[in-house]
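Participant: need the 3D shape of this:
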Amino acid sequence: MSRGADRNYERPFETLGRVDITISSAQLGSQSGPQGLRGLRRLRTDYIDLLWVHAWDENTPYQETMRALDDMVRSGKVLYVGVSDTPAWVASASNVLAELRGWTAYVGLQIEYSLLQRTPERDLLPMAEEFGLSVLAWAPLAAGVLTGKYTRSGLDNDSLRAGSNEQRGRTSEASLHVARAVDAVADELGASSAQVATAWVQAQGYRYIPIVGARKVEQIVDSLGSPAITLDAAHLQKLAEVSRVEMGFPHDFLAADAVRDLVQSELRTELDGRPKPA
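Facilitator: Below is the predicted model:
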């Protein structure tokens, strides 16, 4: 359960009981201090299972943030902490600091990640792998663009490009090309486009958890069917190629053969299994 629906918590608590419900809440810099956890009383609980730093506040030193989070955990108000929408260098520096000082470290990373937003693969996801962070991917359906409702419905471009999707580049021709590839894989599998897009996120590894949301019950039910979808190697390769992003510097530079030869020298043959160029 997330903080966004906290006004409706009473009914789940009465039905299931606190022990059967996991509460994940997000905090922003303006919500710090004693009032930041005032919602505990409203939630009828004395602790939050997972507290997210909702977005990086560049005006607050990460050292202060980590100390404050550790205080919350030690006081028993929070069990675990995660970081959301934050540069990789900030998250990694924060966890190293926590390790050195014996403080509570981040256990999860929450980011936008989908077939239309793969730039986290440059630095954020390698960082998460290094620190063993679970990855919660928001907007795995790219605000509906990967559900097929635009590519299959025959809507004109003007109608589907209105709003934030156009501003984020989700309805560009390149993005719709990716969406059509998702539709094609879905047709092959007899699944929905939403299920394929969500299954792709899950296929990235056991630590990857898509955050699914919907306006209608049938939409959420459809998305929850994604674990039953198996994307084979051919499907994954097709989706990877059509949605590929440039890695940029220094990744592309370090991947160049000349640079690898210079850095790895005679070890390259053993490291990548290929003969060293003459």
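
Participant: what is the least confident helix or strand in this structure?
Facilitator: helix 157-160 (a mean of 52; mean pLDDT, DSSP states H and E).

Participant: now the helices for the chain?
Facilitator: Counting by DSSP state H, the chain has helices at residues 10-16, 39-42, 62-74, 88-101, 124-131, 157-160, 164-167, 173-189, 193-202, 217-223, 233-242, 251-255, 257-264, 268-272.

Participant: ok, which of those helices comes nearest Y113?
Facilitator: For Y113, the closest of the helices of the chain is helix 193-202, at 6.5 Å, according to CB to CB. Glycine gets a C-beta too; all of them are placed from N, C-alpha and C.

Participant: tell me what the closest one is packed against?
Facilitator: Judged by 3 or more CB pairs under 8 Å, 6 or more residues apart in numbering; DSSP states H and E, helix 193-202 is in contact with helix 173-189, strand 208-210, helix 217-223, helix 233-242.

Participant: buried ones in it, by neighbour count?
Facilitator: For helix 193-202, a neighbour-count test (16 or more other CB atoms under 10 Å) marks 193-202 as buried.

Participant: could you dump those residues to JSON lines with distance to R44 and pLDDT?
Facilitator: Shown next, in JSON lines, are the buried residues of helix 193-202 (distance: CB to CB, whole Å; pLDDT from 0 to 100):
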{"residue": "S193", "distance to R44": "39", "pLDDT": "96"}
{"residue": "A194", "distance to R44": "34", "pLDDT": "96"}
{"residue": "Q195", "distance to R44": "35", "pLDDT": "97"}
{"residue": "V196", "distance to R44": "39", "pLDDT": "98"}
{"residue": "A197", "distance to R44": "36", "pLDDT": "98"}
{"residue": "T198", "distance to R44": "32", "pLDDT": "97"}
{"residue": "A199", "distance to R44": "36", "pLDDT": "98"}
{"residue": "W200", "distance to R44": "38", "pLDDT": "98"}
{"residue": "V201", "distance to R44": "33", "pLDDT": "98"}
{"residue": "Q202", "distance to R44": "33", "pLDDT": "97"}
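
Participant: picking up where we left off before, give me whichever of the helices of the chain is most buried.
Facilitator: Highest mean neighbour count of the helices of the chain: helix 193-202, a mean of 25 (counted as mean count of other CB atoms under 10 Å).

Participant: any idea how far it is from the middle of the chain?
Facilitator: Its chain's C-alpha centre and that of helix 193-202 lie 13 Å apart, by CA atoms, centre = their mean, to the nearest Å.

Participant: thank you, goodbye.
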